[in-house]
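*Asks:* Pasting the sequence and the predicted model now:
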Amino acid sequence: MDYPRFGSAFGGHLPILDIGCGTGEIACFLADRGHQVIGADVAREAIEIASSQHHDSGILFRVLDITDTVGCQQIAVEYGPVNVYIRGVMHQIAMDDLPRYVNNIAILLNGEGYFYMIEVASGIRDHFLHHAEHFHKLPRAVQQIFISNLPPRGICVEDVARYFRSDLFEILFCDNTRLETNLRTPDGTVIQIPAVHALIRTHNIS
């Protein structure tokens, strides 16, 4: 888990909005560390599962499309500024929707919150086809399924600087890193993939 990379920035009084929370495992991890957490996902089925599995966690799960400005404004009205955690979502956003995605994050931060993102890096397919020694220890059928589920595009460091423009955002760090998957090689080694992570805030943070 990448918590040490952003935990201190998220250590204040603001709630954490976990965008793309899926069935809620990371949201629960954050709640277990004393944070107030809102889990949000565009998939209603995932939210229903999360709500059912973690009903006693104190987490509020809700359906939210991060490209829906009205929905993000409603979060801002209900909770005020929030810290935002996003794992593996930006590469799924349509190119035409990326400016709205970025502006909606600014709405959610609301001048005080911090934003941590970790995303699959660009060139991920080539990485697995040519460079991942441990990956080729997996059964061939598993390799094919995994590659077919990889995003057609990823995120690079330059993308972060381009979309989170300097007139509105301050990028506290942005670097290449590794993202753990839920796959293991036969010897138990966790498969990791290239990723980009960043910690960002808006300029008018108090």
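*Replies:* Now that the structure is in, tell me what you want to look at. Numbering: from 1, shown residues only.

*Asks:* for the closest residue to residue 87 other than its chain neighbours, what are its contacts?
*Replies:* Leaving aside its sequence neighbours, residue 87 sits nearest to residue 118 (C-beta to C-beta, 6 or more residues apart in numbering; 5.2 Å). In short, each C-beta sits where N, CA and C put it, glycine included. Residue 118 makes contacts with 2, 86-88, 177, 179, 195-197, as judged by C-beta atoms under 8 Å, 6 or more residues apart in numbering.

*Asks:* switch the cut-off to 7 Å
*Replies:* With contact set as C-beta atoms under 7 Å, 6 or more residues apart in numbering, residue 118 has these partners: 2, 87, 177, 179, 195, 197.

*Asks:* now the residue nearest to the fifth one when sequence neighbours are not counted, what's its secondary structure?
*Replies:* Taking C-beta to C-beta, 6+ apart as the measure, residue 195 lies nearest to residue 179, with 3.7 Å between them; neighbours along the chain are not counted. Look at residue 179: counting by DSSP: H, G, I helix; E, B strand; the rest coil, its state is strand.

*Asks:* Burial check on residue 179, number of neighbours?
*Replies:* Counted with other C-beta atoms under 10 Å, the burial measure for residue 179 works out to 19 neighbours.

*Asks:* Offset the numbering so it begins at 49, please.
*Replies:* Sure, I'll start numbering at 49, so the last one becomes residue 227.

*Asks:* measure it to residue 80 for me?
*Replies:* Counting by C-beta to C-beta, to the nearest Å, the gap between residue 227 and residue 80 amounts to 21 Å.

*Asks:* Please apply the same query to residue 69.
*Replies:* Computed as C-beta to C-beta, the residue 69 to residue 80 distance reads 14 Å.

*Asks:* neighbour-wise, which of the two wins?
*Replies:* Just comparing residue 69 and residue 80: by other C-beta under 10 Å the higher neighbour count belongs to residue 69, 29 against 10.

*Asks:* Name whatever forms a beta bridge with the closest residue to that one other than its chain neighbours.
*Replies:* Nearest non-adjacent residue to residue 69, counting by C-beta to C-beta, 6+ apart: residue 87, 3.6 Å away. In this entry, residue 87 is beta-bridged to residue 66, residue 109, by DSSP bridges.

*Asks:* just to revisit the earlier point, tell me which two in the contacts of residue 166 are the farthest apart.
*Replies:* Using C-beta to C-beta, the pair of the contacts of residue 166 lying farthest apart is 135 and 225, separated by 11.8 Å.

*Asks:* So between those two, which is more surrounded?
*Replies:* It is residue 135, of residue 135 and residue 225, that has more neighbours when counted by other C-beta under 10 Å, with 21 against 16.
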